[in-house]
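S.K.: just coords:
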């Protein structure tokens, strides 16, 4: 594919770095905005503004398949995408930082307006980050949560605690509920695909796929006693904190939000109905003790400062908080946060990259999700009419991967070796990012 990226910033680099080996990439931006990391990539670079028709023509917009606008200016991104729609058939993906732009730009695609003046996909990173945190919060003890098939199937990731009956047990001897599969294990920072002989160890991060009901049984049996999260504290009342609180307050949870700025607290109090708003500093140890924050089922630190989020999270872990989720602005900090004991570190940039992957589809293959900072991928593959029916045990995949879910019309099937897969099936496969290109090629992607 020919992909044009407007924005030579960190997000632009992440996108270019992900796709440049298999695609023709051109980056547009002013030279002064170009991050040094681009110098190591085999991509074209044009100095200029992508809202200019001449610059777009110079980049070859008429032959482009995808145009991604991730410049720091919302307005320039919008103008560039709308200009591209006038010049080509390229799919447009537009990054915005303001909620009002997300809402108004989506309206332009509504059929009631009968307009070809639209943007294919509007990406608001803070919204994606909020959605990801919400999914994780609502499943007790989970490190990652992804939904498939309208919520009827899921991916859940858990860390194996010290006294778990799973410790030092081979997978083939683990009595996991029917319709669940273990598809990946991260050990000492490295993700791999397990088999029946694999022995589970303390602190392994284990990834499961299966029917939602069966995964609930598995979670209750091995990873947590209480089924629901009831008490959540949010540190930071910015856009993410406010949106997260709004999303959670309808779930009948006990919610607190701590915000340092008094004026912002007043706004939060007006916007939120069932949330206790506390004017204070999340790094104030006395405040954390007075409000008994450490007894929360989940504490989420989502200020826009990595250092403050890290300090808040470390204090809460020191006080005994059972699960802490921290927002990370710089992706390079994710590993650091996890190394010092933060349960879950999440970046809006990573969430945005996942959204880009979901929108750039290889023929019959799409990417539903990535896990462990991109080490693993969940692929959605539509089997063609020419595919010959065969049993899963006879499929003979060329690289390690696990077929976790089959969608056949309205049925959801968690397969085993004797399960037949056939033309027209949508199959969901878990594999490592290293093996993903091999699996895609095998299925015609």
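M.R.: Yep, it's here. Given the structure is predicted, the values throughout are model-derived calculations rather than measurements. Numbering: from 1, shown residues only.
S.K.: can you show me the helices along the stretch 151-300 of the chain?
M.R.: Along the stretch 151-300 of the chain, the segments classed as helices by DSSP state H, counting those that start in this stretch run 212-222, 239-248, 262-271, 285-290.
S.K.: distance between the third one and the chain's centre?
M.R.: I take that to be helix 262-271. Distance of helix 262-271 from the chain centroid (CA atoms, centre = their mean, to the nearest Å) equals 29 Å.
S.K.: next, the distance between the ends of stretch 197-216.
M.R.: With CA to CA, to the nearest Å as the measure, stretch 197-216 spans 25 Å from end to end.
S.K.: let's have the chain start at 697 instead
M.R.: With the count now opening at 697, the last piece we talked about shows up as stretch 893-912.
S.K.: hang on, residue 898 packs against residue 856?
M.R.: Yes - counting by CB atoms under 8 Å, residue 856 is a contact partner of residue 898 at 5.9 Å. Every residue, glycine included, has its C-beta placed from N, CA and C.
S.K.: shared neighbours, these two?
M.R.: Listed contacts common to residue 898 and residue 856 are residue 863; contacts here mean CB atoms under 8 Å, 6 or more residues apart in numbering.
S.K.: among the two, which residue is more densely surrounded?
M.R.: residue 856 (20 against 13; other CB atoms under 10 Å).
S.K.: pretty sure residue 955 contacts residue 936?
M.R.: No - counting by CB under 8 Å, residue 955 stays clear of residue 936, with 12.0 Å between them.
S.K.: one step back: and the helices of the stretch 847-996 of the chain as JSON lines, adding mean neighbour count?
M.R.: Output for the helices of the stretch 847-996 of the chain, formatted as JSON lines (neighbours: other CB atoms under 10 Å):
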{"stretch": "helix 908-918", "mean neighbour count": "18"}
{"stretch": "helix 935-944", "mean neighbour count": "21"}
{"stretch": "helix 958-967", "mean neighbour count": "14"}
{"stretch": "helix 981-986", "mean neighbour count": "14"}
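S.K.: now do the domain split for the protein, please.
M.R.: Using automatic domain parsing, the domain ranges for the chain come out as 698-819, 838-918, 924-1047, 1055-1138.
S.K.: residue 829 is nearest to which of those?
M.R.: domain 924-1047 (5.9 Å; CB to CB).
S.K.: quick one: that closest one to chain centroid distance?
M.R.: Centre-to-centre, domain 924-1047 and its host chain are 19 Å apart (CA atoms, centre = their mean).
S.K.: quick check: mean pLDDT of it?
M.R.: Averaged across domain 924-1047, pLDDT comes to 92.
S.K.: related to what we said a few turns ago, nearest to residue 827, of the domains of the chain?
M.R.: domain 924-1047 (7.8 Å).
S.K.: endpoint to endpoint, the closest one covers what distance?
M.R.: End-to-end span of domain 924-1047 (CA to CA): 25 Å.
S.K.: relative to its centroid, which residue of this protein is most remote?
M.R.: In the chain, the residue that sits farthest from the middle, by CA atoms, centre = their mean, is residue 750; the gap is 35.5 Å.
S.K.: tell me if it really is in a strand.
M.R.: No - counting by DSSP: H, G, I helix; E, B strand; the rest coil, one finds residue 750 to be helix, located in no strand.
S.K.: circling back to that earlier point, out of the domains of the chain, which is closest to residue 828?
M.R.: domain 924-1047 (5.3 Å).
S.K.: for the residue farthest from the centre of the chain, give me the pLDDT.
M.R.: 95.
S.K.: identify the residue nearest residue 999 in space, chain neighbours excluded?
M.R.: Once flanking residues are discounted, residue 999 sits nearest to residue 932: 3.7 Å by CB to CB, 6 or more residues apart in numbering.
S.K.: pretty sure that neighbour contacts residue 955?
M.R.: Yes - between residue 932 and residue 955 there is a contact at 6.8 Å, judged by CB under 8 Å.
S.K.: quick check, residue 1053 in a helix?
M.R.: Yes - per three-state DSSP, residue 1053 lies within a helix segment.
S.K.: neighbours around it, how many?
M.R.: 19.
S.K.: look at the residue lying closest to it once chain neighbours are set aside and tell me its secondary structure.
M.R.: Leaving out its chain neighbours, the residue that sits closest to residue 1053 by CB to CB, 6+ apart is residue 1063, at 4.2 Å. Residue 1063 carries the three-state label strand when classified by three-state DSSP.
S.K.: flag every buried residue along stretch 878-894.
M.R.: 878, 879, 880, 881, 882, 887, 889, 890, 894 (16 or more other CB atoms under 10 Å).
S.K.: can you get me a residue count around the spatially closest residue to residue 761 that is not a sequence neighbour?
M.R.: Using CB to CB, 6+ apart and skipping the chain neighbours, the partner closest in space to residue 761 is residue 697 (4.3 Å). Residue 697 sits with 15 neighbouring residues when counted by other CB under 10 Å.
S.K.: which SS class is residue 831?
M.R.: Per three-state DSSP, residue 831 ends up helix.
S.K.: go ahead and confirm it touches residue 841.
M.R.: Yes - using CB under 8 Å, residue 831 is in contact with residue 841, at 4.1 Å.
S.K.: who has more neighbours, the two?
M.R.: The residue with more neighbours, out of residue 831 and residue 841 and counting by other CB under 10 Å, is residue 841; that gives 18 against 15.
S.K.: who's in contact with the host helix or strand of that one?
M.R.: Per DSSP states H and E: residue 841 is located in strand 840-844. Applying CB under 8 Å, 6+ apart, the contact partners of strand 840-844 are 831-832, 834-835, 849-853, 903, 1040, 1064-1065, 1067, 1074, 1101, 1124.
S.K.: quick one: mean pLDDT for it?
M.R.: Averaged across strand 840-844, the pLDDT comes to 91.
S.K.: just the strands in the stretch 747-896 of the chain please.
M.R.: For the stretch 747-896 of the chain, strands defined by DSSP state E, counting those that start in this stretch occupy the ranges 762-765, 787-791, 817-819, 840-844, 849-855, 865-866, 876-883, 886-888, 895-896.
S.K.: packing partners for the longest one?
M.R.: Packed against strand 876-883, as judged by 3 or more CB pairs under 8 Å, 6 or more residues apart in numbering; DSSP states H and E, are the following elements: strand 886-888, strand 901-907, helix 908-918, strand 1097-1104, strand 1122-1128.
S.K.: mean pLDDT for these: which is lowest?
M.R.: Among those, helix 908-918 scores lowest, with a mean of 90.
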